[in-house]
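Chemist: need coordinates for the following:
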Amino acid sequence: MALQGTRPRELDTGATSHMASLDGILVTRLPPSITVDKGHSIPVVSCGTSILPASDTFHLNNVLIAADIVCNLLSVCQFTHDNHCSIEFDTLGFFVKDPCWDA
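Modeler: Purely as a prediction, here's the structure:
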């Protein structure tokens, strides 16, 4: 997912939080924290909420901002929970589905 002039976001089924390298995308901010993965520490300079560009429908809660992140990640688990949706993967990519459409 990307808009012209923005860094793309990668879906990550193992990520526990959304992550980005720049805090300019945040709408609100929470106190900074540190995340640890496999014994490595990455300083988090900020944490807050955001929305996906070109969509005021999809909210991103608890976005961790860390300058050392080389790729913006969307946590599939957190995204589907926060937006009450599901994501279906196939050979062409993925689809975000509203549960009401399946009824």
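
Chemist: nearest spatial neighbour of Ser86, skipping sequence neighbours?
Modeler: Lys97 (4.9 Å; C-beta to C-beta, 6 or more residues apart in numbering). Backbone N, C-alpha and C define where each C-beta goes, glycine included.

Chemist: so His81 sits in a strand?
Modeler: No. Using DSSP: H, G, I helix; E, B strand; the rest coil, the secondary structure at His81 is helix, not a strand.

Chemist: okay, the nearest residue to Asp98 once chain neighbours are set aside: pLDDT?
Modeler: Nearest non-adjacent residue to Asp98, counting by C-beta to C-beta, 6+ apart: Cys85, 5.6 Å away. Per-residue confidence (pLDDT) for Cys85: 90.

Chemist: just give me the neighbour total for Cys85.
Modeler: A count of nearby residues for Cys85, using other C-beta atoms under 10 Å, gives 17.

Chemist: please give me every residue in contact with it.
Modeler: Contact analysis of Cys85 by C-beta atoms under 8 Å, 6 or more residues apart in numbering lists Phe79, Val96, Lys97, Asp98, Pro99.
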